[in-house]
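A.B. asks: model this:
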Amino acid sequence: MKKKSNDSIEMHRYVYKLFSGRMQAQALLTGLELGVFDYLSSPQPGEVIAATLRSHPSNTEVLLDSLTSLGLLEKKNGRYCNTQRADELLNSESPSYIGKILLLMHRMSAGVVSDMTRLVQDGPFVDHPEFGNEEIWVDYARAVGNFHRGGTVQHIAGIVSGIEGFSAFGNMLDLGGGPGLHCIGIVSESQSMKGVVFDRPEVLRVAEEFIAEYGMQDRISVKSGDYLTDSIGEGYDLIWASSTLNFARSILDRLMKKIHDALLPGGVFVSLAEGLTDEGTKPDFYVLENLSYALTGFNQVFRKGEIAGAMLRAGFASVDSMTVETPMMPMEMDIARKKT
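C.D. replies: Take a look at the predicted model:
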């Protein structure tokens, strides 16, 4: 029998590692569903965790060992404890908790994952009822809020506050702003700027909670509506849109003209969105997460440069683009300025 080369072994390991990803994700999801990470800020024996969770003792230890193998727990002398990353991101008591958004992402893709072969063979036949489910959007907004304040808001606000003329901006609009954390962060970088968070009425309930939590009621208000069809107001110095223009991709030029007209002369529109490269195959995280939408007919992802092109067509005088690193993936920030 021919001896396998190191290259051949690495190729096999690569494919097996891809295949094992399903178990890695499921172990993480099971840990989140059971609340395992909430009880492991300090070392605990497996049997204590099983008793707390009222779960099967030996199977609980199997799960804990699996989470340890993934680098989410540490095990010493039979006691398990969260690693720093698990305590910060997967413990529901942490302000940086992202477990809820992971569980929601799983919920929204589970049906497509189980039916993927049929979808590829027969084409789209599954709708996303979540799009019309108000409570899903409320839960998603709260989950996104925790994700944003885990560090991305400060980073983004720092970039936006560095835009020329920012200190003179008087009013900003957070378009499709969800929980409003970006608006809170950006407004906080100014001494006097006021902001408006625009989104669905049910989502704005969450935004109002965050606005109150940060004591920004005197500087940030909310405006409800559908930005695809309703007025978004006017007289803004700055309009911000993060991961929301996808819903308008089929009418992007029309919406971009609305945004352009809502700005004062010299005003700035900033968009943060995915920007696929390599003929739509990178970054891999977004390509794979988009599967559940793309296979059901909602393939509204942006290629790199697509939003910048729409900005110029709408009449913006200039567009500057940059790649911004986020915890999930690199994203494209396009900064367009209206003529003075």
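
A.B. asks: quick check: domain ranges of the chain?
C.D. replies: Domains of the chain are assigned by automatic domain parsing as 6-94, 129-337.

A.B. asks: Out of these, which one sits most buried?
C.D. replies: Here the criterion is mean neighbour count by mean count of other CB atoms under 10 Å, and of these the winner is domain 129-337, at a mean of 18. Where C-beta positions appear, they are placed from N, C-alpha and C, glycine not excepted.

A.B. asks: Let me see the mean pLDDT of it.
C.D. replies: Averaged across domain 129-337, pLDDT comes to 93.

A.B. asks: looking at the domains of the chain, which is closest to Gly111?
C.D. replies: Ranking the domains of the chain by proximity to Gly111 (CB to CB) places domain 129-337 first, at 8.0 Å.

A.B. asks: Longest strand in the chain, please.
C.D. replies: Ranked by residue count under DSSP state E, the longest strand found in the chain is strand 263-273.

A.B. asks: how about that strand as PDB, C-alpha atoms only?
C.D. replies: Taking Å, rounded to 0.1, in the frame of the first residue of the first chain, the C-alpha atoms of strand 263-273 are listed here in PDB:
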ATOM      1  CA  LEU A 263     -29.200  65.500   3.900                       C
ATOM      2  CA  LEU A 264     -28.200  69.200   4.200                       C
ATOM      3  CA  PRO A 265     -25.600  70.500   1.700                       C
ATOM      4  CA  GLY A 266     -22.300  69.100   2.700                       C
ATOM      5  CA  GLY A 267     -24.000  66.400   4.700                       C
ATOM      6  CA  VAL A 268     -22.500  62.900   5.000                       C
ATOM      7  CA  PHE A 269     -24.000  59.400   4.500                       C
ATOM      8  CA  VAL A 270     -22.100  56.500   6.000                       C
ATOM      9  CA  SER A 271     -23.000  52.900   5.200                       C
ATOM     10  CA  LEU A 272     -21.600  49.800   6.900                       C
ATOM     11  CA  ALA A 273     -22.300  46.600   5.100                       C
END
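
A.B. asks: Tell me the helix or strand right after it.
C.D. replies: helix 284-289 (DSSP states H and E).

A.B. asks: And the helix or strand that that following helix is followed by, what does it pack against?
C.D. replies: In the C-terminal direction, the helix or strand that comes right after helix 284-289 (DSSP H and E) is helix 291-294. Packing contacts for helix 291-294, counted by 3 or more CB pairs under 8 Å, 6 or more residues apart in numbering; DSSP states H and E, involve helix 99-114.

A.B. asks: tell me the average confidence for the helix it packs on?
C.D. replies: In this model, helix 99-114 has a mean pLDDT of 89.

A.B. asks: So what touches that helix?
C.D. replies: Applying CB atoms under 8 Å, 6 or more residues apart in numbering, the external contacts of helix 99-114 come out as 25, 28-29, 32-33, 37, 89-90, 92, 119, 126, 128, 130, 136, 139-140, 142-144, 146-147, 289, 291-292, 295-296.

A.B. asks: So which of the residues you listed sit within helices?
C.D. replies: Counting by DSSP state H, the contacts of helix 99-114 place 25, 28-29, 32-33, 89, 119, 136, 139-140, 142-144, 146-147, 289, 291-292 in helices.

A.B. asks: Now find how far off-centre the longest strand of the chain is within its chain.
C.D. replies: 21 Å (CA atoms, centre = their mean, to the nearest Å).

A.B. asks: now stretch 269-282
C.D. replies: 14 Å.

A.B. asks: Next: stretch 137-145.
C.D. replies: Using CA atoms, centre = their mean, the offset of stretch 137-145 from its chain centre is 10 Å.

A.B. asks: just to revisit the earlier point, adding distance to Gly111, write the domains of the chain out as JSON lines.
C.D. replies: Listed next are these as JSON lines, based on distance: least, CB to CB, whole Å:
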{"stretch": "domain 6-94", "distance to Gly111": "15"}
{"stretch": "domain 129-337", "distance to Gly111": "8"}
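
A.B. asks: re the thing from before, quickly run through the sheet partners of the longest strand of the chain, with directions.
C.D. replies: strand 236-242 (parallel), strand 330-337 (antiparallel) (DSSP bridges).

A.B. asks: Show me what the shortest one is in contact with.
C.D. replies: Residues outside strand 236-242 that contact it (CB under 8 Å, 6+ apart): 156, 160, 163, 166, 168-177, 182-183, 186, 193, 196, 259, 262-264, 266-273.

A.B. asks: okay, it in PDB with CA atoms only?
C.D. replies: Output of strand 236-242 as PDB, limited to C-alpha atoms (Å, rounded to 0.1, in the frame of the first residue of the first chain):
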ATOM      1  CA  TYR A 236     -29.700  65.900   8.600                       C
ATOM      2  CA  ASP A 237     -26.000  66.500   8.700                       C
ATOM      3  CA  LEU A 238     -25.200  62.800   9.000                       C
ATOM      4  CA  ILE A 239     -27.100  59.600   8.100                       C
ATOM      5  CA  TRP A 240     -25.900  56.300   9.300                       C
ATOM      6  CA  ALA A 241     -27.000  52.800   8.000                       C
ATOM      7  CA  SER A 242     -25.600  49.600   9.300                       C
END
